[in-house]
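Peer 1: predicted coordinates and the sequence they were generated for:
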Amino acid sequence: MNIDDCESYENEFFENIDLNEQVLQEVTFYRCTFKAASLQYAEFIDCEFQDCRFIGCNMALAVFNNSKIIDTEFRDSKLLGINWGNLGPVIVAQFSNCLMDRCSFSSQNLLKVKFNSCSLREATISDSKLARVKFDDCDLSACQFHQNDLTNADFTTSRNYFMNAETNKLKKAKFSLPEAVALLANLEIKLI
C-alpha cells in the first residue's frame, strides 16, 4: 500500500511497509497500526498520528516536523536519535520496551507521556514539563536533564540517572536507593 501526501488514513494496518527516507506531508493517520514497519530516516511534515500504534518498528533517525502525536503507542520499537522537539508542543504517547538512545526532547509538555522499560541512554530532555511522569524500569545512562519541571516524577524503578537539582525542579520527585545517591554528584561532596 502506498501512502500519499495530503491524504487521511483511518483504521489501516500497515505491516512490513518500507518508508525509509521517504518524505510525507500533511498526512493524517487515525487509529492506524504500523507493525514491523521500516521508517528509518523518514520525514513527516505537518502530519498527525492519533490513536495509532507502532509495534516492532524501526524508526531510527525519523524526523517529525510540526507534526502531532496524540494517544499513540510505541512498543518494541527502535526510535534512536529522534529529535522529538520538532513536534508540536504536546505529545501524548506511551513508549514501552523501546530503544530511544540519543533522542532529544526540548520545550515540550510531556505530562501525558509514559516510559516503560525503555533505554534512554545519552538522551537529552530540556526545558520540558514532566510533572508526575513515571520512568518505569528505564535505563537513563548519560541521559541529560536540564531545566525541567520534574515535580512528582517517579524514577523509583529506573536506573543510571543523574540530574542536577539546581537546574531541575525536583519537588516531591521519587527516587530509590542506591540510585538516588547520583543526585549528590554535582554538589562536590564525599560520601563515606
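Peer 2: Happy to help now that I have it.
Peer 1: alpha carbons only: can I get stretch 105-120 in CSV?
Peer 2: Provided in CSV are the C-alpha atoms of stretch 105-120 (Å, rounded to 0.1, in the frame of the first residue of the first chain):
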residue,chain,number,x,y,z
PHE,A,105,13.0,16.3,23.9
SER,A,106,13.0,20.0,24.3
SER,A,107,10.5,22.7,25.2
GLN,A,108,7.6,20.3,25.4
ASN,A,109,4.7,19.3,27.6
LEU,A,110,5.3,15.7,28.3
LEU,A,111,2.8,15.4,31.2
LYS,A,112,0.9,12.6,29.4
VAL,A,113,3.9,10.6,28.3
LYS,A,114,4.7,7.2,29.8
PHE,A,115,8.1,5.5,29.6
ASN,A,116,8.1,1.8,30.4
SER,A,117,11.2,-0.5,30.1
CYS,A,118,12.9,1.9,27.7
SER,A,119,16.5,2.7,27.0
LEU,A,120,17.1,6.4,27.0
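Peer 1: oh, and call the first residue 279 from now on, that's how I've got it
Peer 2: Got it, the first residue is 279 from now on, which makes the last one we talked about stretch 383-398.
Peer 1: so for it, what gets flagged as buried?
Peer 2: 383-384, 386-388, 391-398 (16 or more other C-beta atoms under 10 Å). Just so you know, the C-beta spots here come from the backbone N, C-alpha and C atoms, and that holds for glycine as well.
Peer 1: repeat for stretch 431-446
Peer 2: 431-433, 436, 439-441, 446.
Peer 1: residues contacting that stretch, please?
Peer 2: 408-421, 423-428, 448, 451-454, 457, 460-461, 463-464 (C-beta atoms under 8 Å, 6 or more residues apart in numbering).
Peer 1: now that stretch: how far from the chain's centre is it?
Peer 2: Its chain's C-alpha centre and that of stretch 431-446 lie 16 Å apart, by C-alpha atoms, centre = their mean, to the nearest Å.
Peer 1: would you work out how far apart the start and end of that stretch are?
Peer 2: Taking C-alpha to C-alpha, to the nearest Å, stretch 431-446 runs 12 Å from one end to the other.
Peer 1: got it, and stretch 389-405?
Peer 2: For stretch 389-405, the end-to-end distance is 13 Å (C-alpha to C-alpha).
Peer 1: ditto for stretch 422-431
Peer 2: Start-to-end, stretch 422-431 (C-alpha to C-alpha) is 15 Å.
Peer 1: quick one, what contacts the residue nearest to Gln328 when sequence neighbours are not counted?
Peer 2: Closest residue to Gln328 apart from its sequence neighbours, by C-beta to C-beta, 6 or more residues apart in numbering: Ile348 at 4.6 Å. Residues near Ile348 by C-beta under 8 Å, 6+ apart: 326-329, 370.
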